[in-house]
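[1] here is the input, now give the coordinates:
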Amino acid sequence: MKKSIYLVVFCLSLLSHVYAQDTKMTIAITAFNGTVDGNRYYWQNVPATVQSVQDDIEKAFVKASRFTVVDRSTMAAWYDEKKRQQTQDFALSDKDLVEQGKNLGADYLVTGNINIVSSGNTVLGAAVGSLTTGIKTPDAVEAILKIIKVETGEIICSENIKGQRGHLDKKIDDFIDRNLPFSLPIIEVQGDEITLAPGEDSGIKKGDLFVIYKIVSIDVQGKKMTRKTELGTAKVTKLEGDFLTCQILQGAQEIQQFFAQNIPLTVMKKKQQ
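    Residues are numbered from 1 along each chain as shown. Reported below is the predicted structural model:
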């Protein structure tokens, strides 16, 4: 009996490793163009203020844990070669970026423009000795972000994020969750509970909600497309290392039926209101 339990645990551990590898999307974050106070800069020579916003965007994707982010040094080597081929500043086309994304094995590209208006304002801060320190108010930022699916070259979203430099973290996180939501396959169904294997550093916590979908691939005019049909919802009730257990709140009968028929099911994290 003990041997059987150990074997099940071992198999689930292998599954968790496989699914953690297979479900991580690879993201390449390209060098952004931008403007600062109306002055245009291309990716070859953007100032530090523009670069700092791009750094924040990259950190948000790394922090999300569910992505493999292409190492910046790997991207830099390609950019250096592009610089050598050009005698003046130029903007990379989406086609150029998609080709490079394919070379890097990326699933999606994140690109866009970062526009900054310097505040130029200083407010009075605390008095230090006989001096009064000045604190500069943050620069205004508009980040125009695009996500491109490398396989098809399709722009899957384009959004404007506005705020203050250094204070965009929440808006960037929301942008990621809206357009590249957390998605996992179901590896086990027992009664009204499902087991997932997102990995220990997924950031999921008890009480998080998931929507459960049936996945069907269909051909539309020679193009393979994926159709998701919503089956129900589930709530995280238990966290155990790489695994988590969810209680099915709606649609238990259909979920059990389709899982037993080996029809692909996936869960997507539901944004909390």
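[2] drop to CA atoms for contacts and neighbour counts, all remaining ones
    Fine.
[3] what sits against residue 105?
    With CA atoms under 8 Å, 6 or more residues apart in numbering as the criterion, the residues that contact residue 105 are residue 26.
[4] can you tell me the SS state at it?
    In three-state terms, and counting by DSSP: H, G, I helix; E, B strand; the rest coil, residue 105 is coil.
[5] list the contacts of the residue nearest to residue 37 when sequence neighbours are not counted.
    Nearest residue to residue 37, sequence neighbours excluded (CA to CA, 6 or more residues apart in numbering): residue 117, at 4.9 Å. If a contact means CA under 8 Å, 6+ apart, then residue 117 has 36-38, 139-141 as its contacts.
[6] rerun that using 7 Å as the cut-off
    When contacts are counted by CA atoms under 7 Å, 6 or more residues apart in numbering, residue 117 is found next to 36-37, 139-141.
[7] that one bridge partners, please.
    The bridge-partner assignment for residue 117, based on DSSP bridges, gives residue 140.
[8] just the pLDDT at it, thanks.
    Residue-level confidence at residue 117 comes out at 93, pLDDT.
[9] any idea how far it is from residue 63?
    27 Å (CA to CA, to the nearest Å).
[10] now swap in residue 95 and tell me
    Look at residue 95 and residue 63: by CA to CA, they are 28 Å apart.
[11] for the stretch 51-200 of the chain, which spans come out with low pLDDT?
    Per-residue confidence for the stretch 51-200 of the chain (pLDDT under 70) gives these ranges: 75-92, 120-136, 200.
[12] ranges for the strands of it?
    Residue ranges of the strands in the stretch 51-200 of the chain, as given by DSSP state E, counting those that start in this stretch, are 67-69, 108-117, 122-128, 131-136, 140-149, 154-164, 183-185, 188-190, 193-196.
[13] tell me the most buried of these?
    strand 108-117 (a mean of 22; mean count of other CA atoms under 10 Å).
[14] got the angle between it and strand 154-164?
    Orientation of strand 108-117 against strand 154-164 (axes from the mean of the first three to the mean of the last three CA atoms, to 10 degrees) gives an angle of 30 degrees.
[15] alpha carbons of strand 108-117, as CSV, please.
    Extracted as CSV, the C-alpha positions of strand 108-117 are listed here (Å, rounded to 0.1, in the frame of the first residue of the first chain):
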residue,chain,number,x,y,z
TYR,A,108,5.3,36.5,-27.5
LEU,A,109,7.0,39.8,-28.0
VAL,A,110,6.4,42.9,-25.9
THR,A,111,7.2,46.2,-27.7
GLY,A,112,6.1,49.8,-27.9
ASN,A,113,6.9,53.4,-27.2
ILE,A,114,7.5,55.2,-23.9
ASN,A,115,6.6,58.9,-23.8
ILE,A,116,7.8,61.0,-20.9
VAL,A,117,7.1,64.6,-19.9
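[16] what about the longest strand in this structure?
    Of all the elements of type strand in the chain, the one with the most residues (DSSP state E) is strand 223-240.
[17] that one - contacts with which helices or strands?
    Counting contacts by 3 or more CA pairs under 7 Å, 6 or more residues apart in numbering; DSSP states H and E, strand 223-240 packs against strand 209-220, strand 243-250.
[18] let's go with 8 Å and repeat that
    Using 3 or more CA pairs under 8 Å, 6 or more residues apart in numbering; DSSP states H and E as the contact test, the elements touching strand 223-240 are strand 209-220, strand 243-250, helix 252-260.
[19] can you list the buried residues in the last one?
    So the one you mean is helix 252-260. Of the residues in helix 252-260, those buried under the neighbour-count criterion (16 or more other CA atoms under 10 Å) are 252, 255-256, 259.
[20] next structured bit after that helix?
    Per DSSP states H and E, the first helix or strand lying C-terminal to helix 252-260 is strand 265-269.
[21] and for that next one, what's in contact with it?
    Outside strand 265-269, the residues that reach it (CA under 8 Å, 6+ apart) are 181-186, 208-215, 258-259.
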